[in-house]
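1. below is the sequence, then the predicted model.
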Amino acid sequence: MRTIAECPTQVKRPDTATSASTMLVGALVLCRLLLPLLTRHPAWGIHRDEYLYFAMADHLDLFRMQFPPLIAVVAAAGRAALGESVLAARLPAAAAGALLTLVVLLLVRRLGGGWRALLFAWLALVAAPVFVRSSLLMQPVIFDQLWAALALSALTLAAHEREPRWWIVVGVALGLGALTKFSIAFIGLAVMATALLHPELRVQFRTRGPWIAVIVASLLAVPSVWGQMLHHWPFLQQMRALRAGQLEQVSALGFLLEQPMLLTGALACVVPGVVAGVRGTARDRVPLLAAIMMLLLMLALRGKAYYAAPVYPALIATGALALERMIRAARARRVLTVAAAAPMLALAIVTWPIGIPVLSPQRMPAYMDALGLRERTNMGEPMRLPQDYADMLGWPALSDSVAAVIGRLPASDRADLTVIGGNYGEAGAIAFHGVSRAIPYPRSTAGDFFAWGPGPASGDIAVVIGSSSDIEPQLRQLYDSVRVAAVVRNPDGVPEERQVSIYVTRGARMSLRSLWPSLGPNWQ
């Protein structure tokens, strides 16, 4: 086996790290960090998924989590720094979006791009709703995009510079991805397929670089895999539920047609990136090959449209370079620069409210109508608002109503009270807001909450938050007394949260602890 030092490096790296380009990169990254934070309308709160991740942070145990633990670490850091605030969720997501931008801009610069290519790549990222929306929400999605972009950028440089040491960065990125979201495995497969098909990368399997990458990625993945083993592979249970529900709505044609909608203005760089991959040298083909491999995987597995998004940043970088080279070779450089940048800027402005909730909940439906967009839930139900936006409304009000119901109970009841959320959003919101409202920590059979158990109370008296139509008959089978204490209406929420009942139940026919194993987990 050849050592890394023995591998030839015939391509001389261009020296483009000037102070001017460094300042430009820094300014663009800072702007990307601040944009989602400063343009968000204050009416939009924390997303239901973010409440779950804050609850995961309450139970943070690196090697015993049901799902990759990095998002819980991020949530714990956000809340420790910023407390019970929306910014505790928004800042980590915006920071990850800025880091994704930094990775792409550094790739552009490393490949020899000048200020035009840097500007084009930045505009493409802010004109693509799939990257703008992900940088709004503290979810694994934006971190998955970040690690995938880092892995594919390093793979591109390994081929372009004929330098196997970049494989170590690939391994670190894939390992961090495994701590974030198991879908990084698809990127890993795309990386492997690309390397086997690409002559400059295939020869590097004779060096230590790719094998060190495998070891590093495997070691970093240990906490995620160990947690799965301890909890009997809940990821597989969730995937079965996902395939039986949301993924049933996915078609191959719909998947392909949605890709341009996710990218919109970024197509101005993606298309040149594809052309450069087809017409350029073998070293220019890495991002295109990886994108093709990922798209084929997603089509075969019936993945959601946005699952393919992590492969596009590297393609955006090579496309921005191709645009710049075309302009440099022309006479009317200033005119062509404006002609290339203006459509991306215009589309970024038009689509920005789709990625970041700039408008109020009252004005957003009219804007959607003006663009001719019709949103549907993951289950295919029509909505006035994007589902992610609807999932950011109503949770503090729900917490206030639960606190009011509990406040009306006798002190003797409150001493042995269990609060049960009907889904992870309801339970997560109560867990987050409940501390300041003197609400006992909630329990739920939904997802991760099920593993945290029924709590210390007997369960004889419970406050149950129920959004499904069949919750009351179920409660009457378990309790002697079931009373609706309040109804919370949220007309702009997702369908199951538009009318939520809060029940007070008494006289449990079985202890909650003995009943608990038969109640979940529920991965819907």
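-> Structure's in. What do you need?

2. tell me the centre residue of this protein?
-> Note on the chain: the residue nearest the mean C-alpha position is V141, at 1.6 Å, using CA atoms, centre = their mean.

3. doesn't V132 make contact with it?
-> No: using CB atoms under 8 Å as the test, V141 is too far from V132 to be in contact (11.9 Å). (C-beta placed from N, C-alpha, C; glycine too.)

4. and the worst-scoring helix or strand of the chain on mean pLDDT, what does it pack onto?
-> Least confident helix or strand, the chain: strand 375-376 with a mean of 74, by mean pLDDT, DSSP states H and E. For strand 375-376, the packing partners by 3 or more CB pairs under 8 Å, 6 or more residues apart in numbering; DSSP states H and E come out as strand 382-383.

5. could I get the contacting residues of A446?
-> Neighbouring residues of A446 by CB atoms under 8 Å, 6 or more residues apart in numbering: 421-424, 427, 520-524.

6. now, those that are in strands?
-> G421 (DSSP state E).

7. derive a ChimeraX selection command for the buried subset of the contacts of A446.
-> Selection command for ChimeraX covering only the buried members of the contacts of A446, criterion 16 or more other CB atoms under 10 Å:
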select :421,422,423,424,427,521,522,523,524
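
8. ok, the contacts of A446 vs A190, which is closest?
-> W523 (26.6 Å; CB to CB).

9. spatially nearest residue to that closest one, not counting backbone neighbours?
-> Residue nearest to W523 in three dimensions, not counting chain neighbours: A241, with 3.9 Å by CB to CB, 6 or more residues apart in numbering.

10. the one you found against G520, yeah?
-> No: the criterion here is CB under 8 Å, and A241 misses it with G520 at 11.8 Å.

11. host element of P42?
-> Using DSSP states H and E, no element contains P42; it sits outside every helix and strand.

12. give me the contact list for the least confident helix or strand of the chain.
-> So strand 375-376 is in contact with 368, 382-387, going by CB under 8 Å, 6+ apart.

13. that older thread, which strands or helices does the strand or helix carrying the residue nearest to the centre of the chain pack on?
-> Assigned by DSSP H and E, V141 belongs to helix 140-160. Under the contact criterion of 3+ CB pairs under 8 Å, 6+ apart, the helices and strands touching helix 140-160 comprise helix 70-82, helix 87-110, helix 129-134, helix 166-178, helix 184-197, helix 199-202, helix 286-301, helix 312-328.

14. switch the cut-off to 7 Å
-> helix 87-110, helix 129-134, helix 166-178, helix 184-197, helix 199-202, helix 286-301, helix 312-328 (3 or more CB pairs under 7 Å, 6 or more residues apart in numbering; DSSP states H and E).

15. the least confident helix or strand of the chain pairs with which strands?
-> Strand pairing for strand 375-376, determined by DSSP bridges: strand 382-383 (antiparallel).

16. and the next helix or strand past the partner strand?
-> helix 387-390.

17. which residues are in contact with the helix or strand just after that next one?
-> The first helix or strand that comes after helix 387-390 along the chain, using DSSP H and E, is helix 395-407. Helix 395-407 is touched from outside by 45-46, 51, 414, 417, 419, 426, 429-430, 433-434, 437-439, 463, 465, 485-486, 488, 500, 502, 504, with contacts defined as CB atoms under 7 Å, 6 or more residues apart in numbering.

18. report all helices and strands that the next helix or strand after helix 395-407 contacts.
-> Following helix 395-407 in sequence order, the next helix or strand is helix 411-414 (DSSP H and E). Packing partners of helix 411-414 (3+ CB pairs under 7 Å, 6+ apart): none among the helices and strands.

19. make it 10 Å
-> helix 395-407, strand 461-466 (3 or more CB pairs under 10 Å, 6 or more residues apart in numbering; DSSP states H and E).

20. now the first one: how far from the chain's centre is it?
-> In terms of CA atoms, centre = their mean, to the nearest Å, the centre of helix 395-407 is set 29 Å apart from its chain centre.

21. what average pLDDT does it get?
-> Here helix 395-407 scores 97 as its mean pLDDT.

22. could you check the angle it makes with strand 461-466?
-> In terms of direction (axes from the mean of the first three to the mean of the last three CA atoms, to 10 degrees), helix 395-407 departs from strand 461-466 by 150 degrees.

23. mind listing what's buried along helix 395-407?
-> 395, 397-399, 401-403, 405-406.

24. okay if I get the residues you listed as TSV plus distance to L230?
-> What follows is the buried residues of helix 395-407, written out as TSV (distance: CB to CB, whole Å):
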residue	distance to L230
W395	30
A397	37
L398	32
S399	31
S401	36
V402	32
A403	35
V405	36
I406	34
